[in-house]
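Student: Need coordinates for the below:
(one chain, ligands or ions: 1)
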Amino acid sequence: MTGLLLGPVLRYADADSATVWVETDAACDVEVLGTTTPTFGVGGHHYALVVLRDLPSDTATPYEVRLDGELVWPPPGSTLPPSRIRTSAQRPEHFTLVFGSCQHPRVDPVDRPDTLGPHALAAYAQRMAAQDQQDWPDALLLLGDQVYADETSPATQDWLATRRDLTTPPGTEVADFEEYTYLYREAWSGELLRWLLSTVPTAMIFDDHDVRDDWNTSQAWRREMAATPWWRQRIRGGLASYWIYQHLGNLRPVDLDEDEVYARVLRSGRDGDALELLEDFAEWADSEADGATAYRWSYRRDYGPVRLVVIDNRAGRVVAEGVRKMVGDEEFDWIEHNAVSTPDHVEHLFLASTLPWLLPPAISDVESHNEVASARPGSRGERGERIRQGLDLEHWAAFRESFDRLSALLLRSVRSGTATASVLSGDVHHSYIAKARYPDAPDAPVYQLTCSPLHNAAPRKMRWLFRMGWWPALVRLTRFAARRAGVADPPLSWDRLAGPYFGNEVATVSIRGRHAEVRLEQATTADGRLGLRPMTRQVLANG
Ligand SMILES: [Fe+2]
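Tutor: Purely as a prediction, here's the structure:
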């Protein structure tokens, strides 16, 4: 009998359509709610995205998964509620989005305590399972570092050692597509997380560890990688697997209908193999960072009057000779158009960027300063580059032109009438909420909401830096130094409303009309039981 390896992952749901993703252990026909789709093959693995259309709006329908007619989901003996697809109302009155980033696999043997602490999404799923379904969130957003290709777990390393010599580069990092599939298996197999993903529509985007630490931080970094014998296979496998496991489900049914890569993959057929096709595509998409126009990984989702634009701030960078952009021009034009220029009524704008836009201000200054220093010729520039890579100075402020463009975009959004405009981020392994203060619009409801990690930790030394980065005396110093290096002051200032919090956390944004609020909760284990502790609740706009 054909088995279900991963999923079902409910990736998309609107008022009348939905998509459900699966990985199976053989080629087969996948059936969900009466719609049957054949799998496609990649590198000996089998996947399907079942697109459900013409669903009735504003309903919650429990679903099962059948492979070649045999029931495989829900798993036998499951005590969790049935997975269900909830379609939205045509005009939803309220909306709840849960988000977080960075889920590292366990680093300890399973019979020992987990030194990274309880997984925030597992804690969230456990609470959800006991709640009334009316209280379940409408969407989940995973902001990168879903797999750590460069920091594998002891269990993964044991498996890698059965395939190849780990004393030869890339050593304990993953090497190719096949090894990536193992990482996803490890990341998405836990009972609670798997159930959560089966019943809350999830949007995703990569960050650096999905490929490698500091991915595309600079032109020098890309040259270093290109010079290694293993990089080409890594990026081919990394982006091909990302396309299958994460990107495909980000697309709306209407986008899927027009997606050329998806059409070619489907044409390869149930018994074909699209690995080479997807790896060639991956390599082409990677060339965008050298200045070529390539694939747009950024995408948009609408939840009634709530708009989410998910920004690719990794593969879409341009780090070519004399050019440093967080997002290439054409893709940024697309982001601006979708954020503020479409005719639809948008009440709240959320721009998802794995990397925070507003950091602790002293760190922000240091990043802008470092960008200028690294561009200097000779050994001074090389020292700047070493500091950049060593301290991960690669957030928006380290791409100052893009920082300014994003700052202007958010202000334009609230000036055009949205009740709030916020950037949702992860990456930095701590959580905080900040409010922007533009000189000529100090009360503009523009926010930075950062929630990280779901399951990871921040080193003690970094915790100090993340706290000190908000100290006004230190900010005066870093600003003074940046000015002396010729860095213009940022076009706005910002205040910390909450945090920094250290621990495994999940954020919940709740919208009702023009009212918006955000909560941060930390995963805990009291008496061995998973739980969530409230850290803060902030009202972003009073409706
Ligand atoms: Fe991370």
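Student: quick one: contacts for the residue of the stretch 151-300 of the chain at minimum distance from the ion?
Tutor: Across the stretch 151-300 of the chain, the shortest distance to the ion (CB to the ion) belongs to H209, at 5.5 Å. All C-beta atoms are positioned from the backbone trio N, CA, C, and that covers glycine. Residues in contact with H209 (CB atoms under 8 Å, 6 or more residues apart in numbering) are 102, 144-145, 147-151.
Student: secondary structure class for it?
Tutor: H209 falls in the helix class when you classify it by DSSP: H, G, I helix; E, B strand; the rest coil.
Student: and which of the contacts of H209 is nearest to A408?
Tutor: G144 (24.4 Å; CB to CB).
Student: that older thread, check the contacts of H209 one by one and keep those near the ion.
Tutor: When CB under 5 Å from the ion is applied, the members of the contacts of H209 adjacent to the ion are 102, 145.
Student: Tell me the most packed of the contacts of H209, by neighbour count.
Tutor: V147 (30 neighbours; other CB atoms under 10 Å).
Student: For that residue, which non-adjacent residue is closest in space?
Tutor: If you skip the residues right next to it in sequence, V147 has L183 as its closest partner in space, 4.0 Å away by CB to CB, 6 or more residues apart in numbering.
Student: what helix or strand does the one you found sit in?
Tutor: If you go by DSSP states H and E, L183 is part of helix 177-188.
Student: So what touches that helix?
Tutor: The contact list for helix 177-188 (CB under 8 Å, 6+ apart) reads 5-7, 9, 23, 42-45, 103, 105, 146-149, 152-153, 155-156, 159-160, 163, 174, 194, 197, 236-238, 240-241, 245, 275, 279.
Student: tell me the helices in the stretch 151-300 of the chain, going along the chain?
Tutor: In the stretch 151-300 of the chain, the segments counted as helices under DSSP state H, counting those that start in this stretch are 154-161, 177-188, 191-199, 219-226, 231-242, 248-250, 253-258, 260-267, 275-286.
Student: Equivalent analysis for the stretch 351-500 of the chain, please.
Tutor: Defined through DSSP H, counting those that start in this stretch, the helices belonging to the stretch 351-500 of the chain, from first to last, are 361-374, 378-391, 400-415, 460-468, 472-484.
Student: okay, which residue is most central for this structure?
Tutor: Within the chain, one residue has its C-alpha closest to the average C-alpha position: by CA atoms, centre = their mean, that is L143, at 2.2 Å.
Student: Report the beta-bridge partners for that one.
Tutor: Here L143 shows beta-bridge partners I205, assigned using DSSP bridges.
Student: how about the residues of this protein near the ion?
Tutor: Residues of the chain that fall close to the ion, judged by CB under 5 Å from the ion: 102, 145.
Student: Flag the shaky bits of the chain, pLDDT-wise.
Tutor: When residues are selected by pLDDT under 70, none of them lie in the chain.
Student: try 80
Tutor: Scanning the chain for pLDDT under 80 picks out the ranges 107-111, 292-294, 527-528.
Student: Name the helix or strand for L140, please.
Tutor: Under the assignment given by DSSP H and E, the secondary-structure element containing L140 is strand 139-143.
Student: got the contact list for that strand?
Tutor: Residues beyond strand 139-143 that count as contacts (CB under 8 Å, 6+ apart) turn out to be 95-101, 103, 196-197, 200-205, 207, 301, 303, 308, 310, 352, 354, 424-427, 451-452.
Student: which non-adjacent residue is nearest L406?
Tutor: Closest residue to L406 in three dimensions, ignoring its sequence neighbours and counting by CB to CB, 6+ apart: W357, at 5.7 Å.
Student: swap that for L71, please
Tutor: The shortest distance from L71 to any non-neighbouring residue, by CB to CB, 6+ apart, is to E64 (5.9 Å).
Student: ok, now which ones touch the one you found?
Tutor: When the contact criterion is CB under 8 Å, 6+ apart, the partners of E64 are 32, 71, 73-74.
Student: at 10 Å what do you get?
Tutor: Applying CB atoms under 10 Å, 6 or more residues apart in numbering, one finds that E64 lies in contact with 8, 31-33, 71-74, 82-83.
Student: do the same with R400
Tutor: When contacts are counted by CB under 10 Å, 6+ apart, R400 touches 324, 326, 364, 367-369, 371-372, 487-488, 490.
Student: List only those of those flagged as buried.
Tutor: Applying a neighbour-count criterion of 16 or more other CB atoms under 10 Å, the buried members of those are 324, 326, 364, 367-369, 371-372, 487, 490.
Student: before we move on, back to that, using JSON lines, please lay out the helices of the stretch 151-300 of the chain together with mean neighbour count.
Tutor: Listed next are the helices of the stretch 151-300 of the chain as JSON lines, based on neighbours: other CB atoms under 10 Å:
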{"stretch": "helix 154-161", "mean neighbour count": "14"}
{"stretch": "helix 177-188", "mean neighbour count": "20"}
{"stretch": "helix 191-199", "mean neighbour count": "22"}
{"stretch": "helix 219-226", "mean neighbour count": "16"}
{"stretch": "helix 231-242", "mean neighbour count": "23"}
{"stretch": "helix 248-250", "mean neighbour count": "21"}
{"stretch": "helix 253-258", "mean neighbour count": "13"}
{"stretch": "helix 260-267", "mean neighbour count": "15"}
{"stretch": "helix 275-286", "mean neighbour count": "19"}
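Student: hmm, back to that, now, which of the buried ones among the contacts of R400 sits nearest A315?
Tutor: Checking the buried ones among the contacts of R400 against A315 by CB to CB gives M326 as the nearest, at 11.4 Å.
Student: got the helices of the stretch 351-500 of the chain as a markdown table, with distance to T168 columns?
Tutor: Compiled in a markdown table, the helices of the stretch 351-500 of the chain are given as follows (distance: least, CB to CB, whole Å):
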| stretch | distance to T168 |
| --- | --- |
| helix 361-374 | 31 |
| helix 378-391 | 23 |
| helix 400-415 | 38 |
| helix 460-468 | 31 |
| helix 472-484 | 42 |
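Student: count of residues packed around the closest residue to A203 other than its chain neighbours?
Tutor: In space, and not counting its chain neighbours, A203 is closest to L141: 4.9 Å by CB to CB, 6+ apart. When counting by other CB under 10 Å, one arrives at 25 neighbours for L141.
Student: Show the end-to-end separation of stretch 424-443, please.
Tutor: In stretch 424-443, first residue to last residue: 19 Å (CA to CA, to the nearest Å).
Student: Pull out the buried positions in it.
Tutor: Neighbour counts over stretch 424-443 (16+ other CB under 10 Å) mark 424-436, 438 as buried.
Student: what two of those residues have the greatest distance between them?
Tutor: For the buried residues of stretch 424-443, and using CB to CB, no pair is farther apart than H429 and Y438, which are 28.4 Å apart.
Student: what sits against G390?
Tutor: D214.
Student: so how far is T217 from it?
Tutor: 11 Å (CB to CB, to the nearest Å).
Student: what about the strands in the stretch 301-450 of the chain?
Tutor: 306-311, 348-353, 420-425, 431-437, 446-450 (DSSP state E, counting those that start in this stretch).
Student: same check, this time on the stretch 1-150 of the chain
Tutor: In the stretch 1-150 of the chain, the strands defined using DSSP E, counting those that start in this stretch lie at 4-13, 18-24, 29-32, 35-38, 40-42, 45-52, 60-62, 65-67, 70-73, 84-86, 94-100, 139-143.
Student: could you dump those to a markdown table with distance to Q126?
Tutor: Written out in a markdown table, the entries for the strands of the stretch 1-150 of the chain read as follows (distance: least, CB to CB, whole Å):
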| stretch | distance to Q126 |
| --- | --- |
| strand 4-13 | 18 |
| strand 18-24 | 23 |
| strand 29-32 | 25 |
| strand 35-38 | 31 |
| strand 40-42 | 33 |
| strand 45-52 | 27 |
| strand 60-62 | 20 |
| strand 65-67 | 23 |
| strand 70-73 | 19 |
| strand 84-86 | 18 |
| strand 94-100 | 14 |
| strand 139-143 | 15 |
